[in-house]
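Enquirer: Have a look at this fold, sequence not included:
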């Protein structure tokens with residue numbers, strides 16, 4: 001009985017303590033950190049360098065810029081945007097048992113949401129009114145050291161941004177979809193980042209992290225020394241029409257030019273060796289891609305980008321004024337998104353010898369009313385012909401895979417599948433009135449029966 005009574009008293013005391021702390025904290029949520037101090041941070045990998053700017057080790061703030069792993073509990077403070085003066089409880093990062101209340105600390109940064117990890121602050125979201133924004137040196141007396149992924153996403157009114165010397169981490173796409181952001185200025189004392197002509201780079205200039213979408217320039221050449229065009233670097237550019245990648249550039253990451261709606265011409269110099277297949281999504285005005293003749297990895301023919309051996313078609317410029325196009329002989333693969341959202345194409349001829357149609361290769365080609373697939377074709381990747389206005393399609397006999405949503409087409413009425421053992425992924429065909437024609441006992445018949453499509457045996 002005594003033990004039971006003691007348990008009840010301790011439970012009531014705990015509830016009273018929680019109530020006291022909650023009353024003190026107000027709109028903050030304090031989550032205790034792990035019981036031991038964090039392990040020494042591991043050196044940043046080459047992939048991490050795109051946003052940590054070649055720092056020798058990752059800052060603690062990077063842990064809050066990404067989703068916490070199941071084995072990690074972060075000490076986070078969630079800020080109420082409407083509050084202008086709040087109080088906070090201090091957390092001893094090394095030992096949560098020593099968590100105590102501190103004197104009230106004024107918060108005068110209602111335009112930011114942020115997280116706290118072992119006494120370091122990372123900006124997680126900007127919710128202010130825009131204009132010329134300065135990242136604060138400190139919040140609640142703690143140093144601001146990071147800007148999380150998508151922290152400024154969709155800030156239409158952001159015009160300029162000042163970054164101080166202690167910022168050591170900037171997450172991917174931190175300034176995604178900021179159409180009026182004209183310049184970023186970084187303190188000269190910052191050891192990890194720098195800015196030149198309003199654009200953001202790693203300190204060693206090897207990584208172009210972000211070119212401000214609202215900069216008024218129409219022409220731009222990447223500075224010498226830049227090796228990597230980072231994910232989202234030229235996203236949503238609304239004025240830039242002509243871009244030249246300098247001789248030192250070796251890699252273009254995915255989404256590098258996503259929604260760069262004003263970009264019309266891209267010139268690639270001699271050393272680019274890798275271009276991610278989603279680099280040009282939404283670059284709707286791109287009408288010409290040219291490649292230096294001495295590039296060993298890529299070439300261009302009539303404004304279309306190919307690998308050097310001309311076995312892969314990498315990117316067809318979506319704003320080309322051609323209405324018909326014959327893919328050259330010798331092409332084995334059409335890269336992902338290669339023809340995505342092409343405005344004017346109504347006819348494409350695929351060569352015999354083509355084996356792979358990549359992910360979303362022809363997605364959204366609104367005028368492409370029909371296409372003949374060659375007998376050599378083996379793989380139709382996911383979303384390959386999504387939203388193309390076909391009313392019928394014939395799948396040749398050597399196709400082994402039809403990817404999910406590859407023929408998600410509202411007006412597709414007839415699909416003739418001549419490959420008896422083709423693997424058909426879920427939702428490869430989605431139009432309910434669709435009639436599937438194939439061999440009796442084939443996987444096409446199985447698919448039709450499973451998903452309720454009409455089946456006609458050949």
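Expert: Arrived safely, thanks for sending. Note that the structure is predicted; figures quoted are calculated from it, not measured. Numbers count the residues shown, from 1 in each chain.
Enquirer: What's the separation between the residue nearest to the spatial centre of the chain and residue 281?
Expert: In the chain, the C-alpha nearest the mean C-alpha coordinate belongs to residue 255, at 5.9 Å (CA atoms, centre = their mean). From residue 255 across to residue 281, the span is 7 Å (CB to CB, to the nearest Å). In this view, the C-beta of every residue, glycine as well, is placed from N, C-alpha and C.
Enquirer: same question, residue 347
Expert: Distance of residue 347 to residue 281, computed by CB to CB: 23 Å.
Enquirer: Which one's more surrounded, these two?
Expert: residue 281 (22 against 15; other CB atoms under 10 Å).
Enquirer: ok, now which ones touch the closest residue to that one other than its chain neighbours?
Expert: Among residues not flanking residue 281 along the chain, residue 258 sits closest, at 4.9 Å (CB to CB, 6 or more residues apart in numbering). Contacts for residue 258 (CB atoms under 8 Å, 6 or more residues apart in numbering) come out as 232, 235-236, 278-283.
Enquirer: Quick check: the farthest pair among those?
Expert: Longest distance between any two of the contacts of residue 258 is 15.1 Å, between 236 and 278; criterion CB to CB.
Enquirer: what about those two, which has more around it?
Expert: Counting neighbours by other CB under 10 Å for residue 236 and for residue 278 shows that residue 236 has the greater number, 23 against 20.
Enquirer: Where does the more buried one fall, secondary structure wise?
Expert: Taking DSSP states H and E as the definition, one finds residue 236 inside no helix or strand.
Enquirer: That one is in contact with residue 173, isn't it?
Expert: No - using CB atoms under 8 Å, residue 236 is not in contact with residue 173, being 10.4 Å away.
Enquirer: what are the ranges of the helices in the protein?
Expert: Assigned by DSSP state H, the chain shows helices spanning 2-25, 49-52, 62-65, 443-451.
Enquirer: Am I right that residue 356 is in contact with residue 379?
Expert: Yes - contact criterion CB under 8 Å: residue 356 and residue 379 qualify, at 4.8 Å.
Enquirer: of these two, who's got more company?
Expert: residue 356 (20 against 16).
Enquirer: wait, what's in contact with the more buried one?
Expert: By CB under 8 Å, 6+ apart, the neighbours of residue 356 are 332-334, 377-379, 381.
Enquirer: Please repeat the previous calculation with a cut-off of 7 Å.
Expert: Counting by CB atoms under 7 Å, 6 or more residues apart in numbering, residue 356 touches 332-334, 378-379.
Enquirer: Can you flag which of these belong to strands?
Expert: Among the contacts of residue 356, DSSP state E puts 333-334, 379 in strands.
Enquirer: Which members of the contacts of residue 356 are the farthest-apart pair?
Expert: In terms of CB to CB, the contacts of residue 356 reach their longest pairwise distance at 334 and 378, which sit 12.4 Å apart.
Enquirer: Which one's more surrounded, the two?
Expert: Neighbour tally, residue 334 and residue 378, criterion other CB under 10 Å: the higher count belongs to residue 334, 25 against 16.
Enquirer: For residue 244, list each beta-bridge partner.
Expert: On the basis of DSSP bridges, residue 244 is bridged to residue 221, residue 267.
Enquirer: tell me the domain boundaries of this structure?
Expert: Using automatic domain parsing, the domains assigned to the chain come out as 23-180, 321-458.
Enquirer: mind putting the ones you listed in JSON lines, distance to residue 315 included?
Expert: Converted to JSON lines, the domains of the chain look like this (distance: least, CB to CB, whole Å):
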{"stretch": "domain 23-180", "distance to residue 315": "21"}
{"stretch": "domain 321-458", "distance to residue 315": "6"}
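Enquirer: Residue 371 is in contact with residue 389, correct?
Expert: No - at 10.8 Å, residue 389 does not count as touching residue 371 under the criterion of CB atoms under 7 Å.
Enquirer: Would you mind measuring from the nearest residue to residue 370 once chain neighbours are set aside to residue 140?
Expert: Leaving out its chain neighbours, the residue that sits closest to residue 370 by CB to CB, 6+ apart is residue 390, at 6.0 Å. As for residue 390, its distance to residue 140 is 59 Å (criterion: CB to CB).
Enquirer: Could you tell me what pLDDT the model assigned to residue 431?
Expert: At residue 431, the model reports a pLDDT of 83.
Enquirer: who touches it in this structure?
Expert: Contacts of residue 431 by CB under 7 Å, 6+ apart are 409-410, 412.
Enquirer: Rebuild those as TSV, extending it with pLDDT, neighbour count and distance to residue 365.
Expert: As requested, these are exported to TSV (pLDDT from 0 to 100; neighbours: other CB atoms under 10 Å; distance: CB to CB, whole Å):
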residue	pLDDT	neighbour count	distance to residue 365
409	91	22	11
410	84	9	14
412	94	21	14
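Enquirer: Among these, which one sits closest to residue 422?
Expert: Nearest to residue 422 among those: residue 412, at 16.8 Å, using CB to CB.
Enquirer: Let me know the distance separating the residue nearest to that closest one when sequence neighbours are not counted from residue 444.
Expert: Nearest non-adjacent residue to residue 412, counting by CB to CB, 6+ apart: residue 431, 4.9 Å away. For residue 431, the distance to residue 444 equals 15 Å [CB to CB].
Enquirer: Equivalent analysis for residue 340, please.
Expert: 27 Å.
Enquirer: for residue 291, same thing?
Expert: 42 Å.
Enquirer: Counting neighbours, go ahead and name the busier of those two.
Expert: A count of neighbours by other CB under 10 Å puts residue 444 above the other of residue 291 and residue 444, at 28 against 21.
Enquirer: If you drop the residues flanking it in sequence, what lies closest to the more buried one?
Expert: In this structure, residue 444 finds its nearest non-sequential neighbour in residue 438, 3.0 Å apart by CB to CB, 6+ apart.
Enquirer: tally of neighbours for the one you found?
Expert: Quick note: residue 438 (other CB under 10 Å) scores 25 neighbours.
Enquirer: which residues touch it?
Expert: Residue 438 neighbours (CB under 7 Å, 6+ apart): 417, 444-445, 458.
Enquirer: right, and residue 262 touches residue 240 too?
Expert: Yes - at 5.6 Å, residue 262 and residue 240 qualify as touching, with contact defined as CB under 7 Å.
Enquirer: Which of those two has more residues huddled nearby?
Expert: residue 240 (22 against 18).
Enquirer: pretty sure the more buried one contacts residue 264?
Expert: No - the pair residue 240 / residue 264 is not scored as a contact, 9.0 Å apart, by CB under 7 Å.
Enquirer: Can you tell me how far the closest residue to residue 226 other than its chain neighbours is from residue 157?
Expert: Closest residue to residue 226 apart from its sequence neighbours, by CB to CB, 6+ apart: residue 208 at 4.9 Å. Separation of residue 208 from residue 157 (CB to CB) stands at 25 Å.
Enquirer: neighbour-wise, which of the two wins?
Expert: residue 208 (26 against 13).
Enquirer: just checking, that one touches residue 234?
Expert: No - applying CB under 7 Å, one finds residue 208 not in contact with residue 234, separated by 8.6 Å.
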